[in-house]
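**Q** Build me a model:
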Amino acid sequence: MIEEMDIEKQRLAIEAARLYYQSDFSQQDIAERLGVSRPTVSRLLQYAKEQGYVRIDIIDPREDLNVLSQKLQSKYGLDTVKVSYSPLNTYEEIKKHIAKQTADYLNEIIQDKDIIGVTWGTTMYAVARQLQPKNVKGVEVVQLKGGISHSHVNTYAADTVNLFAEAFNTVARYLPLPVIFDNTDVKRIVEEDRHISRIIELGKQANIAVFTVGTVKEDALLFRLGYFSKEEQKLLKKTGVGDICSRFFDKDGNICSREINNRTVGIDLSELRNKEKSILVAGGQRKVEAIQAALAGKYANILITDQFTAQSLLT
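**A** Now for the predicted structure:
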C-alpha cells in the first residue's frame with residue numbers, strides 16, 4: 001500500500017514538474033488539472049527536485065566568457081584576453097560588440113603621456129566611434145600605416161585617427177601616404193622626408209598599438225583598394241592567410257613576400273612584439289585563420305574577440 005502511494009506521489013510530482021517547467025503552467029492551473037490543492041503542487045515540485053526528477057542548470061554567459069578568456073590566454077601565451085558576448089554569429093554583429101569592448105578597455109587603460117599607435121579599416125573605425133572622452137594629458141595618437149588609397153573605397157583612415165585623438169584630448173599625427181608604393185626606391189625616398197620619418201619613429205615609440213587583422217579573401221579591403229597586380233594577389237592568396245598593418249603573413253606568422261613588404265609604409269610587424277600593449281581586435285569566422293597566424297607570430301599580447309571566434313580559436 002505504501003509502495004503504491006509512493007508510485008502515485010512520484011507520478012504526480014513528475015506530471016506537476018512537466019506542466020510547471022516545460023509547459024509554463026501556473027501552480028494554480030496545475031492544482032486544478034491534477035485535482036489537488038495549490039500547496040500540494042508546491043510540495044510535489046519540491047519533492048521532484050529533491051528526488052532528482054528535475055535538474056535546473058543556470059547558465060551565466062559572463063562566467064563562460066571568463067573561462068574562454070582564460071583558455072585563450074593559456075593556449076596562446078597572451079597577457080590579457082577580453083571575450084565579448086555577441087548574440088549572433090555574424091561579422092557585422094560581432095564587429096559591433098568587440099568594438100564596444102575595445103573602446104571600454106582603452107578608456108580604462110589609457111594614461112597621461114601614452115603614445116597610441118592606430119591602424120585603419122572598418123573594425124578600427126567601429127572602435128573609434130565607440131570611444132568615450134577621457135581627460136588625459138600629453139597623450140599622442142599616431143597612424144601606424146599610410147592610409148591613402150588608389151580607389152574610391154573608404155578606408156576611414158583619417159576619421160579613425162581623428163576620433164582617437166578627440167577622445168584622448170590630443171591632436172592626430174597622420175601618415176599622409178599610400179600604404180604600399182609601386183616600387184621600393186620611391187618608398188625609401190619618401191620615408192627619408194623629415195616629417196614622414198618623425199611620424200614613423202613616433203609609431204615605433206608607441207607603447208600601445210591597436211590593430212585588427214585582414215584576410216586574403218576576394219573581398220579583403222586591401223585587395224579592393226587597388227594596390228596589387230593580379231599576379232601579386234595570386235601570390236598572397238597562395239602563401240598568405242592575413243595581414244596586420246598591410247604586411248602579409250603565412251599561417252606561422254612569417255612575412256609572405258619580402259618584395260611587397262619592402263614597398264609597405266609604416267610599422268614593421270616585429271616592432272609590435274616590443275609594445276607594452278599590442279592589442280589585436282578581431283572576430284568572425286572568416287578571420288579565424290588570420291587571427292591564429294597573427295598569434296603564432298606573437299604580434300599581439302592582448303586579444304579582444306567574441307565567444308564564437310574564441311571557441312573556434314580553441315578547437
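
**Q** Show me the contact partners of stretch 275-283.
**A** 79, 86, 91, 94-95, 97-99, 102, 105-106, 109, 117, 123-124, 127, 206-213, 244, 272, 290-291, 294-295, 299-306, 308-309 (Cβ atoms under 8 Å, 6 or more residues apart in numbering). All C-beta atoms are positioned from the backbone trio N, CA, C, and that covers glycine.

**Q** Tell me the gap between that stretch and the middle of its chain.
**A** Distance of stretch 275-283 from the chain centroid (Cα atoms, centre = their mean, to the nearest Å) equals 9 Å.

**Q** Distance across it, terminal residue to terminal residue?
**A** In stretch 275-283, first residue to last residue: 22 Å (Cα to Cα, to the nearest Å).

**Q** got the buried residues for that stretch?
**A** Neighbour-count burial for stretch 275-283, counted by 16 or more other Cβ atoms under 10 Å, picks out 275, 277-283.

**Q** Throw those into JSON lines and include pLDDT, secondary structure and distance to residue 169, thanks.
**A** Formatted as JSON lines, the buried residues of stretch 275-283 follow (pLDDT from 0 to 100; DSSP: H, G, I helix; E, B strand; the rest coil; distance: Cβ to Cβ, whole Å):
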{"residue": "275", "pLDDT": "97", "secondary structure": "coil", "distance to residue 169": "22"}
{"residue": "277", "pLDDT": "98", "secondary structure": "strand", "distance to residue 169": "19"}
{"residue": "278", "pLDDT": "98", "secondary structure": "strand", "distance to residue 169": "23"}
{"residue": "279", "pLDDT": "98", "secondary structure": "strand", "distance to residue 169": "20"}
{"residue": "280", "pLDDT": "98", "secondary structure": "strand", "distance to residue 169": "25"}
{"residue": "281", "pLDDT": "98", "secondary structure": "strand", "distance to residue 169": "22"}
{"residue": "282", "pLDDT": "98", "secondary structure": "coil", "distance to residue 169": "27"}
{"residue": "283", "pLDDT": "97", "secondary structure": "coil", "distance to residue 169": "29"}
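
**Q** Save those residues as JSON lines, and put in distance to residue 44 too.
**A** Shown next, in JSON lines, are those (distance: Cβ to Cβ, whole Å):
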{"residue": "275", "distance to residue 44": "62"}
{"residue": "277", "distance to residue 44": "57"}
{"residue": "278", "distance to residue 44": "59"}
{"residue": "279", "distance to residue 44": "55"}
{"residue": "280", "distance to residue 44": "54"}
{"residue": "281", "distance to residue 44": "52"}
{"residue": "282", "distance to residue 44": "52"}
{"residue": "283", "distance to residue 44": "47"}
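
**Q** Which two among those are spaced furthest apart?
**A** Across the buried residues of stretch 275-283, the longest distance by Cβ to Cβ is 21.0 Å; it joins 275 and 283.

**Q** which one of the buried residues of stretch 275-283 is nearest residue 137?
**A** Nearest to residue 137 among the buried residues of stretch 275-283, with distances taken as Cβ to Cβ, is residue 277, at 19.0 Å.

**Q** and the gap between the closest one and residue 197?
**A** Relative to residue 197, residue 277 is positioned 24 Å away (Cβ to Cβ, to the nearest Å).

**Q** Over to residue 263?
**A** According to Cβ to Cβ, residue 263 stands 17 Å off from residue 197.

**Q** which one of these two has more residues nearby?
**A** Each of residue 263 and residue 197 has its neighbours counted (other Cβ atoms under 10 Å); residue 263 has more, 21 against 12.

**Q** Pop out the phi and psi values for the residue lying closest to the more buried one once chain neighbours are set aside.
**A** Residue nearest to residue 263 in three dimensions, not counting chain neighbours: residue 181, with 4.8 Å by Cβ to Cβ, 6 or more residues apart in numbering. The phi and psi values for residue 181, taken as degrees, to the nearest 10, are phi -90, psi 160.

**Q** confidence score at residue 228?
**A** Note on residue 228: pLDDT of 82.

**Q** That one touches residue 237, doesn't it?
**A** No. In this structure, residue 228 is not within contact of residue 237 by Cβ atoms under 8 Å, at 10.2 Å.

**Q** Burial check on residue 163, number of neighbours?
**A** 22.

**Q** Quick check: which element contains it?
**A** Using DSSP states H and E, the element containing residue 163 is helix 157-167.

**Q** how far out from the middle of the chain is the next helix or strand after that helix?
**A** The C-terminal neighbour of helix 157-167 among helices and strands, as given by DSSP H and E, is strand 172-173. With Cα atoms, centre = their mean as the basis, strand 172-173 stands 24 Å off its chain's centre.

**Q** Could you do stretch 178-189 as well?
**A** Stretch 178-189 sits 31 Å away from the centroid of its parent chain (Cα atoms, centre = their mean).

**Q** First-to-last residue distance for that stretch?
**A** First residue to last in stretch 178-189 (Cα to Cα) measures 14 Å.
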